[in-house]
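*Asks:* fold the stuff below for me.
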Amino acid sequence: MKNYMENVVVIDHPLVQHKLTLMRDKNTGTKDFRMLLNELSTLMAYEVTRDLPMEEVDIETPVASMRARVLAGRKLGIVPILRAGLGMVDGMAEGVMELIPAAKVGHIGLYRDPETLKPVSYYCKLPGDTSERDMIVVDPMLATGGSAAEGIRIVKEAGCKTVRLMCLVAAPEGIEMLHKLHPDVVIYTAAVDSHLNDHGYIVPGLGDAGDRIFGTK
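*Replies:* A predicted model of the protein is given here:
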């Protein structure tokens, strides 16, 4: 498993871990779950964008001239995987889009075929200039890795050269699959849990993120 962890960044900031624990608690209701997801996504956004390229420019402060760093202008895009990924977009908007107004949002809709258990795409709308952007694919749970891998494949097929995945919780099985299919993609997560159970849920996990976000179960 060690090799598969090379492209995994676990965000262990105390605030991230605290909010994740509250989200894991089965007694946390839909309203609080959404609020925590929003806050956690915002906090994680800073880590996901930590290595954005910079360049130096000449400016005048009220005191002196200086060389200072600014973003190098690389365009960003955020792509939530429907439906659970939608819950992370507001947090990403606060953490990225309001700070970088040029960032655009695409959407990929996937569901798991009950017979084959493989992801099936039913919707895709990406920015027209996807090939010119660094894309952040967003999905709360990296379980088997099937949906994330398919979403990343779609984004790459649209011409994107740099893709990152942001998730709340990851399972070793999902990390392994993603590493095999997309070894160039860095995974940002708040936790790597123990394993998947017989129903494909992450253990200990936090349950079905989509149901808990939208109160559908």
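*Asks:* for the spatially most central residue of the chain, what are its contacts?
*Replies:* Compute the mean C-alpha point of the chain, and by CA atoms, centre = their mean the closest residue is residue 166, 2.0 Å away. Counting by CB atoms under 8 Å, 6 or more residues apart in numbering, residue 166 touches 41, 44-45, 48, 88, 92, 136-139, 188-189. All C-beta atoms are positioned from the backbone trio N, CA, C, and that covers glycine.
*Asks:* counting neighbours, which bits of the helix or strand in which it is found end up buried?
*Replies:* Using DSSP states H and E, residue 166 sits within strand 162-170. For strand 162-170, a neighbour-count test (16 or more other CB atoms under 10 Å) marks 163-170 as buried.
*Asks:* how far away is the closest residue to residue 197 other than its chain neighbours from residue 24?
*Replies:* Leaving aside its sequence neighbours, residue 197 sits nearest to residue 203 (CB to CB, 6 or more residues apart in numbering; 5.3 Å). To residue 24, residue 203 is 11 Å away according to CB to CB, to the nearest Å.
*Asks:* who's more crowded, these two?
*Replies:* Neighbour count, other CB atoms under 10 Å: between residue 203 and residue 24, residue 24 has more, with 17 against 10.
*Asks:* you'd agree the more buried one is up against residue 209?
*Replies:* No: with contact defined as CB atoms under 8 Å, residue 24 does not count as touching residue 209 (11.0 Å).
*Asks:* check which element follows the helix or strand of the chain with the lowest mean pLDDT along the chain.
*Replies:* Lowest on mean pLDDT, DSSP states H and E among the helices and strands of the chain sits helix 86-92, with a mean of 61. Downstream of helix 86-92, the next assigned helix or strand under DSSP H and E is strand 104-105.
*Asks:* what's across from the residue nearest to residue 197 in the sheet?
*Replies:* Beta-bridge pairing for residue 203 (DSSP bridges): residue 195.
*Asks:* residue 8 now?
*Replies:* residue 187.
*Asks:* show me the contacts for it.
*Replies:* 170, 175, 186-187, 189, 192.
*Asks:* still on that earlier bit, in terms of contact, does the residue nearest to residue 197 touch residue 193 like I think?
*Replies:* Yes: Residue 203 lies in contact with residue 193 (CB under 8 Å); the separation is 6.2 Å.
*Asks:* for the two, list the residues in contact with both.
*Replies:* With CB under 8 Å, 6+ apart, residue 203 and residue 193 have common neighbours residue 171.
*Asks:* could you pull out the helices for this protein?
*Replies:* If DSSP state H is used as the criterion, the helices of the chain fall at 14-24, 30-48, 86-92, 146-157, 172-181, 209-214.
*Asks:* need the least confident one among those, by mean pLDDT.
*Replies:* Mean pLDDT is lowest for helix 86-92 among those, at a mean of 61.
*Asks:* that'll do, ta.
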